[in-house]
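Provided below are the primary sequence and the corresponding predicted coordinates.
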There are 2 protein chains.
Amino acid sequence: MAIQRAETADQARDTVNGWQTDGLSVGFVPTMGALHEGHLSLVRASVAECDRTVVSIYVNPTQFGPGEDLEDYPRRLERDCRAAEQAGADLAFCPADRAMYPEGYSTWVVQEGLTEVLEGEHRPTHFRGVLTVVCKLFNCVPADRAYFGQKDFQQTVVVRRMVRDLNMPVSIRVMPTVREEDGLAMSSRNAYLNEAERRQALCLYRALGEAHRLYRNGERHADALRAAMERVIAKAPLARADYVDIVDARTLRRAESADEQAVAVLAVRIGKTRLIDNHPLGEEFPEH
Amino acid sequence: MAIQRAETADQARDTVNGWQTDGLSVGFVPTMGALHEGHLSLVRASVAECDRTVVSIYVNPTQFGPGEDLEDYPRRLERDCRAAEQAGADLAFCPADRAMYPEGYSTWVVQEGLTEVLEGEHRPTHFRGVLTVVCKLFNCVPADRAYFGQKDFQQTVVVRRMVRDLNMPVSIRVMPTVREEDGLAMSSRNAYLNEAERRQALCLYRALGEAHRLYRNGERHADALRAAMERVIAKAPLARADYVDIVDARTLRRAESADEQAVAVLAVRIGKTRLIDNHPLGEEFPEH
């Protein structure tokens, strides 16, 4: 069946409420478009678990900081809608900026403790924008389950906390990172990389692999794991790390010793392109 | 029929969702308990307009500042439930603090522009607490309509803005202030007043009446209206004003000249008790 489109909150909500009145369960995949296999794996997970699936396609300006890539961020709505449809989605919610942030817009969802570290340290208004738009989208698309990718690890922690704290009636599902053949985590920003950058971008995956190898061999000193990751990044001359860390999955605090809750996280600039990736050390490493 | 009680978000939501599945409309009156005729008029408005009515009774700690009356705030749950039941409410939602603010609570709804003035100037974290708890309550009690009293005028403006900005699927209804026989606006805090204070507390109502009389007689200079109100307050020796102002109903900004959108607002301490009141100058004055 052809995918439906909604451009206003009321259109999206009416469609979702109609399904729920009919007793159908609804899954939701919020995206900024430029859909790749990572997004589509979330759509497929929703299609497998829910009777109906909604994908939102909205490049949220408030989660970009000054000097970031808001203007350059890839926009390809028609292609995205076709891809979402082929993956089995039933509704694409594609609101306009003026509908999401009307004149006089002034309400924000903020969080203390989890949002000042890692991504938040380098992108100070990022999570305010993410939490606000996710809160808004959940109100536009009142789904039973919402799907996020493990690649944006801190986002999953922060969104789960918001859902708990604000009593939002939605269940958050986090799905594994989808990777290119060589191991690079899929990201809409990979499109920015030239050939040399694309090769060196693999240092993120390799650094995580090295941390995992050491951890599996019994290394529990977080500093040793960090140093090993940094050595891998240092071998890529175009790479400049924003952070390379081992953190606790629940608190996002810097770990001293790595346990089952430890996650290796990193953000690295390859030329002008900023990439992130992570690996929970207690989980199997995705060998490529 | 006896009023039902819910103590957890899930209990409240399941009951409301059940009604909505049956096609019933739901009204919601959020309160901090110590119900008086003002609250009960909101319950009755909801009962008149909706098939089912929920009252929440929760003294929200996060909207009290340090040194305010959180400890002293009157708590009388059993009496409140009976009063809500007699006014026609179907469900009382009475959550515990630990259910509303569990360990590690860290998410807040904030607003720029409308929350730093008037009440916000004197109670800097007040609206953060109000917006956060109202957002939470709306997620626990997903009603079609929510009822607020005009007495908390700035709160109605701030909550309406949140509902618009965050795409909340609820319609906000604001009902007239209910007054004692002599004109004093009903408030749970009136219980703090001793006999002398109770008499002088009437200065708020009298000041609003004076502003209204001048406005009706053609006075449009906001400064003249403010000065007239201040003169009334000055006659009450136990009264000390936090603010006395004429503001625009939409922006809450200080008005230079009073028009149909102007609202006379004031906050006055009578002894240790802080009272607020307001009157939209374009509306008829409630003569007592």
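Perfect, I can see it now.

Could you tell me which residues of chain A lie near chain B?
A:9, A:13, A:21, A:102, A:104-114, A:131-132, A:135-136, A:139-140, A:142, A:161-162, A:164-169 (C-beta under 8 Å from any C-beta of the partner chain). Quick note: C-beta positions are derived from backbone N, CA and C, even for glycine.

buried sites along the strand or helix carrying A:Thr156?
For A:Thr156, the element it lies in under DSSP states H and E is helix A:153-165. Neighbour-count burial for helix A:153-165 flags A:Phe153, A:Gln154, A:Gln155, A:Thr156, A:Val157, A:Val158, A:Val159, A:Arg160, A:Arg161, A:Met162, A:Val163, A:Asp165 (criterion: 16 or more other C-beta atoms under 10 Å in any protein chain shown).

Which neighbouring elements make contact with that helix?
strand A:107-111, helix A:119-122, helix A:126-140, strand A:145-149, strand A:171-175, strand A:262-270, strand B:107-111 (3 or more C-beta pairs under 8 Å, 6 or more residues apart in numbering or on different chains; DSSP states H and E).

In CSV: the ones you listed, plus distance to B:His36, mean neighbour count and mean pLDDT.
Below are the helices and strands packed on helix A:153-165 laid out as CSV (distance: least, C-beta to C-beta, whole Å; neighbours: other C-beta atoms under 10 Å in any protein chain shown; pLDDT from 0 to 100):
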stretch, distance to B:His36, mean neighbour count, mean pLDDT
strand A:107-111, 30, 22, 98
helix A:119-122, 44, 18, 97
helix A:126-140, 32, 24, 98
strand A:145-149, 41, 22, 98
strand A:171-175, 40, 17, 98
strand A:262-270, 52, 24, 98
strand B:107-111, 27, 22, 98
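
Can I get those in TSV including distance to B:Ile57?
Converted to TSV, the helices and strands packed on helix A:153-165 look like this (distance: least, C-beta to C-beta, whole Å):
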stretch	distance to B:Ile57
strand A:107-111	26
helix A:119-122	37
helix A:126-140	25
strand A:145-149	31
strand A:171-175	28
strand A:262-270	41
strand B:107-111	21
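
picking that back up, pull the residues that contact the helix holding A:Thr156.
Taking contacts as C-beta atoms under 8 Å, 6 or more residues apart in numbering or on different chains, the residues outside helix A:153-165 that touch it are A:109, A:111, A:114-115, A:117-120, A:127, A:130-131, A:134-135, A:148-150, A:168, A:170, A:172, A:174, A:249-250, A:252, A:263, A:265, A:276, A:278, B:102, B:104-107, B:136.

all helices of the stretch 151-288 of chain A, in order?
A:153-165, A:195-200, A:202-216, A:222-234 (DSSP state H, counting those that start in this stretch).

nope, the stretch 1-150 of chain A is what I meant
Counting by DSSP H, counting those that start in this stretch, the helices of the stretch 1-150 of chain A are A:9-21, A:37-49, A:77-86, A:97-100, A:119-122, A:126-140.

Would you mind putting the CA coordinates of the second one into CSV?
C-alpha atoms of helix A:37-49 as CSV (Å, rounded to 0.1, in the frame of the first residue of the first chain):
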residue,chain,number,x,y,z
GLU,A,37,20.1,1.2,6.1
GLY,A,38,20.4,2.2,9.7
HIS,A,39,17.1,4.0,9.6
LEU,A,40,15.5,1.3,7.5
SER,A,41,16.5,-1.3,10.0
LEU,A,42,14.5,0.6,12.6
VAL,A,43,11.6,0.8,10.2
ARG,A,44,11.8,-2.9,9.6
ALA,A,45,12.0,-3.6,13.4
SER,A,46,8.9,-1.5,13.9
VAL,A,47,7.0,-3.2,11.0
ALA,A,48,7.9,-6.6,12.6
GLU,A,49,6.7,-5.6,16.0
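
name the helices or strands packed onto that helix?
So helix A:37-49, by 3+ C-beta pairs under 8 Å, 6+ apart, packs with strand A:26-31, strand A:52-57, helix A:77-86, strand A:145-149, strand A:171-175.

TSV for the ones you listed, including distance to A:Ala185?
As requested, the helices and strands packed on helix A:37-49 are arranged in TSV below (distance: least, C-beta to C-beta, whole Å):
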stretch	distance to A:Ala185
strand A:26-31	15
strand A:52-57	20
helix A:77-86	19
strand A:145-149	9
strand A:171-175	13
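
got any ranges where chain A has weak pLDDT?
Nowhere does chain A drop to pLDDT under 70.

Residue ranges of each domain in it, please.
Following automatic domain parsing, chain A resolves into domains at A:4-175, A:188-280.

quick one: which of those is nearest B:Ala185?
Proximity to B:Ala185 (C-beta to C-beta) singles out domain A:4-175 among the domains of chain A, at 27.5 Å.

mind checking the end-to-end distance for that closest one?
Distance between the two ends of domain A:4-175: 25 Å, counting by C-alpha to C-alpha, to the nearest Å.

now do stretch A:174-183
19 Å.

try stretch A:248-266
For stretch A:248-266, the end-to-end distance is 14 Å (C-alpha to C-alpha).

Give me the contact list for that stretch.
By C-beta under 8 Å, 6+ apart, stretch A:248-266 touches A:113-114, A:117-118, A:153-154, A:157, A:204, A:207-208, A:211-212, A:215, A:219-223, A:225, A:229, A:233, A:241, A:243-247, A:276-282.

Buried by neighbour count: which residues of it qualify?
Per 16+ other C-beta under 10 Å, stretch A:248-266 contains these buried residues: A:Asp248, A:Ala249, A:Leu252, A:Ala255, A:Ala258, A:Ala262, A:Val263, A:Ala264, A:Val265, A:Leu266.
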